[in-house]
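Participant: Fold the stuff below for me.
(one chain, ligands or ions: 1)
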Amino acid sequence: YRPWEVRRVRTTCPHCATGCQMDLIVKDNRIVDVEGADGPSNHGLLCVKGRSGSFDFVHSPDRLRYPLIRNRETGQLERATWDEALDLVASRFMEIKKKYGTGSLAGFACSRSPNEDIYMVQKMVRTCFGNNNVDNCARVCHSASVSGLATTLGSGAMTNPIGDITHDVDCILLVGSNPEEAHPVVGMQIREAVQHGTKLIIVDPRKLGLSQYADIHLRIRPGTNIMFANGMMHVMIREGLVDQEFIRERTEGFEELKKIVSDYTPEKVAEVCGIDKDKLIEAARMYASAKKAPIIYCLGVTEHSSGTEGVMAMSNMAMLCGKLGKPGCGVNPLRGQNNVQGACDMGAMPDKYPGYQSVMDAAVRAKFEKAWGVPLNPDTGVFATDVFGAAIRKEIRGLYIYGEDPVVTDADTTHIIKALKSLDFFVLQELFLTETAQYADVILPGMSYAEKEGTFTNTERRVCRVRKAVDLTKDPSFDIRLDTDIIIDLMNRMGYPQKKMTSAQIMDEIASVTPSFAGISHQRLDETPDFLQWPCTGRDHPGTPIMHVGKFSRGLGWLYPTRYTPPAETPDRDYPFCLMTGRILYHYTTRAMTGRTPGLMEIEGSSFIEMNQKDADRMGIADGEKIRVSSRRGSITTSARVGTRVNEGETWMPFHFPDGNANWLTNAALDPKCRIPEYKVCAVRIEKI
Ligand code: SF4
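Facilitator: Have a look, this model is predicted:
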């Protein structure tokens, strides 16, 4: 293209939560290219997903172009007008509510949509459905971070900015995280830091790209994070490496934690975790004695039936060493989807209004009742991972899903499909006919991030602008509407008078009811080069790059007594291998977007399972050979990828691909506190076919 023929539109990458800033290059109402921009978290860098996978899907021929209603007799989806579709949705939801009560409806918000859309979804559920049965996909990725860090520190979010924890730090403790593939621009910055002298401790069962740069790589057995962390703390306390002054002045619970971790001797921990005890001791000394040392973690910590305690164990280590509320330190969960942080911030949670204000707090509820003009339900709603069981039991009968694809992403696919088939009425608002769409009664076509204004909140709590680049309503083959207009129209049809609002006006309403967003507006974000990190409590507040400076959000930090419990399912004679799941560099979650980028599909187009060379040799399985993998919940065929990335007895699969999706196998054993499934450990059998 010639520069004078195009427009450049500055926006935020629609994939992971690094929040990279990019320029969409637009010619004749079509995005023709993408370039990295100098944003605060990416400084011009983009990974292959941002560079190649951010625009083909916008113009994909697969895009949904008009509303669809399933013909009950033929089972086929048929084109409908907006009035037909929205009238049907509103009337069926209200019929179900009248017949079966307010608890019979639920909604999921999309963690890849702007904050303003998510705010309106949770407002619709609370004002029209009359309950708090609203959730988002954080339930299956970082709900353990929200519940764990909120309990110990008072706020369930990353404590320090990306630039602060990847530049000029002495040591990085990276636990259960593969940033070079899942958050590649963060991974690039970690690698650069290590090449300039930062020490790197990796704690992960699998060999990673970053392993070659690590000073220590503890390849712990899957599901033993708490055992490892308690072992680290045992060494820190025994050797006097802890920060006594910080513990005394800023925390509570030290004596109980000290008593518990006294049992976690290096010898015992080494045996359970399958690591060298001297390496554990060396890691504890390296982390504790470093001045600036952040803990960075991801789903390898959270996606366990003990995920919340795993997260608390991370904050325990940081608090013991006084590494919170300071530059270059902190406890830093790398969030997954581009706006999953925002989805939690915006109150797409069964127990929290926007800004983590409790639905059970009468004063908070009264504030929202006054703002929204209706009485609100005081009871915690149903968590997303419990909605499926409730649907099978016929307790939930109507479900509205905005932009999520649980048939691909949720554990135990057989269970998810059974639940969706059990519903009386199921509505999906989406860009594509996804695997989940096969079960919907009504499908409402949505708009992509490139077609609307709004904000995404990245993993470091930075509220970044999303800007409209193209207008596909000019294409006569499209009969689509803004997602917020669809939700507002539905609210009115369900009897709640909601006036139409622009995205900027919705953000103003968010700011008026959410103290941590009180100083945020589109105009202010447009005028602030690095945007704003919440809490931002007023128009003159500069935002909060580092949290818990001087005082934790909850007052004293709680050194929570974490105890190791084994995973819910471990290998046995019938299912002798341990399966872990995760992401690869070239695809994003359901690959709804990256799967429509031909270049990415050419590089990685189908599923595989990593297994150890010795296991493969013993079973006579060659690299690339098709094999059957089975668990107690399902069976799939996939290809073997043989090598040394996983230890003997362990396997690893991505969950992106419909041909052999790992979630037919995964175990939906839930963490009792946050209801996250145990994606990272289940038992499988491998057979030649
Ligand atoms: Fe997009 Fe994440 Fe890649 Fe940045 S690192 S370009 S946000 S996918």
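
Participant: Off-centre distance for stretch 6-24?
Facilitator: For stretch 6-24, the separation from the chain centroid amounts to 19 Å (computed by C-alpha atoms, centre = their mean, to the nearest Å).

Participant: tell me the domain boundaries of this protein?
Facilitator: The chain breaks down by automatic domain parsing into domains covering 3-59, 68-137+338-533, 143-337, 577-688.

Participant: Columns mean pLDDT, mean neighbour count and distance to L556 on top of those domains, output as JSON lines?
Facilitator: Bear in mind the C-beta positions are built from the backbone N, C-alpha and C, glycine included. Converted to JSON lines, the domains of the chain look like this (pLDDT from 0 to 100; neighbours: other C-beta atoms under 10 Å; distance: least, C-beta to C-beta, whole Å):
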{"stretch": "domain 3-59", "mean pLDDT": "95", "mean neighbour count": "20", "distance to L556": "29"}
{"stretch": "domain 68-137+338-533", "mean pLDDT": "97", "mean neighbour count": "21", "distance to L556": "19"}
{"stretch": "domain 143-337", "mean pLDDT": "97", "mean neighbour count": "22", "distance to L556": "5"}
{"stretch": "domain 577-688", "mean pLDDT": "93", "mean neighbour count": "20", "distance to L556": "20"}
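
Participant: To G557, which of those lies closest?
Facilitator: Closest to G557 of the domains of the chain is domain 143-337 (C-beta to C-beta; 4.5 Å).

Participant: Point me to the residue sitting closest to the centre of the protein.
Facilitator: Centroid-nearest residue in the chain, with C-alpha atoms, centre = their mean: G336, separated by 3.8 Å.

Participant: and that residue, how far is that from the ligand?
Facilitator: 10 Å (C-beta to the nearest ligand atom, to the nearest Å).

Participant: And the residue of the stretch 551-689 of the chain that's closest to the ligand?
Facilitator: For the stretch 551-689 of the chain and the ligand, the shortest gap (C-beta to the nearest ligand atom) falls at Y588, measuring 6.9 Å.

Participant: ugh, wrong one, I meant the chain
Facilitator: Counting by C-beta to the nearest ligand atom, the chain gets nearest the ligand through G50, at 2.3 Å.

Participant: Now that residue. Nearest residue, chain neighbours left out?
Facilitator: C13 (4.4 Å; C-beta to C-beta, 6 or more residues apart in numbering).

Participant: isn't Q337 right up against I118?
Facilitator: No: at 11.3 Å, Q337 does not count as touching I118 under the criterion of C-beta atoms under 8 Å.

Participant: so the residue of the stretch 551-689 of the chain closest to the ligand sits in a strand?
Facilitator: No: Y588: not assigned to a strand; according to DSSP: H, G, I helix; E, B strand; the rest coil it is coil.

Participant: got the residues of the chain near the ligand?
Facilitator: With C-beta under 6 Å from any ligand atom as the criterion, the chain comes near the ligand at residues 13, 15-16, 18-20, 42, 46-47, 49-50, 183-185.

Participant: Return the subset of the residues you listed lying in helices.
Facilitator: K49, G50, P184, V185 (DSSP state H).

Participant: what's the farthest-apart pair in those residues?
Facilitator: Farthest apart among these by C-beta to C-beta are K49 and V185. That separation is 9.9 Å.

Participant: Can you tell me which of the ones in helices among the residues of the chain next to the ligand is nearest A138?
Facilitator: Proximity of those to A138 (C-beta to C-beta) peaks at K49, which lies at 20.1 Å.

Participant: Hmm, the closest one is touching Y586, no?
Facilitator: Yes: using C-beta under 8 Å, K49 is in contact with Y586, at 7.1 Å.

Participant: Pull up the overlap in contacts between those two.
Facilitator: Overlap between the contact sets of K49 and Y586, as judged by C-beta atoms under 8 Å, 6 or more residues apart in numbering, is given by T594, L600.

Participant: who's in contact with stretch 142-150?
Facilitator: Counting contacts by C-beta under 8 Å, 6+ apart, the residues outside stretch 142-150 that touch it are 138, 155-157, 299, 301-304, 307-312, 314-315, 331, 333, 335-336, 340, 344, 349, 356, 383, 554, 671, 673-676.

Participant: Could you find the closest non-adjacent residue to V340?
Facilitator: V340's closest residue in space is S111 (C-beta to C-beta, 6+ apart), at 4.0 Å.

Participant: Does that neighbour lie in a helix or a strand, and which?
Facilitator: S111 belongs to no helix or strand when assigned by DSSP states H and E.

Participant: distance of it from L532?
Facilitator: To L532, S111 is 20 Å away according to C-beta to C-beta, to the nearest Å.

Participant: cool, and A419?
Facilitator: As judged by C-beta to C-beta, A419 and L532 stand 39 Å apart.

Participant: Please apply the same query to L173.
Facilitator: Remark: distance between L173 and L532 (C-beta to C-beta) = 28 Å.

Participant: V549 now?
Facilitator: V549 is 17 Å from L532, by C-beta to C-beta.

Participant: returning to that earlier point: surely the residue nearest to the centre of the chain touches C16?
Facilitator: Yes: the criterion here is C-beta under 8 Å, and G336 meets it with C16 at 6.6 Å.
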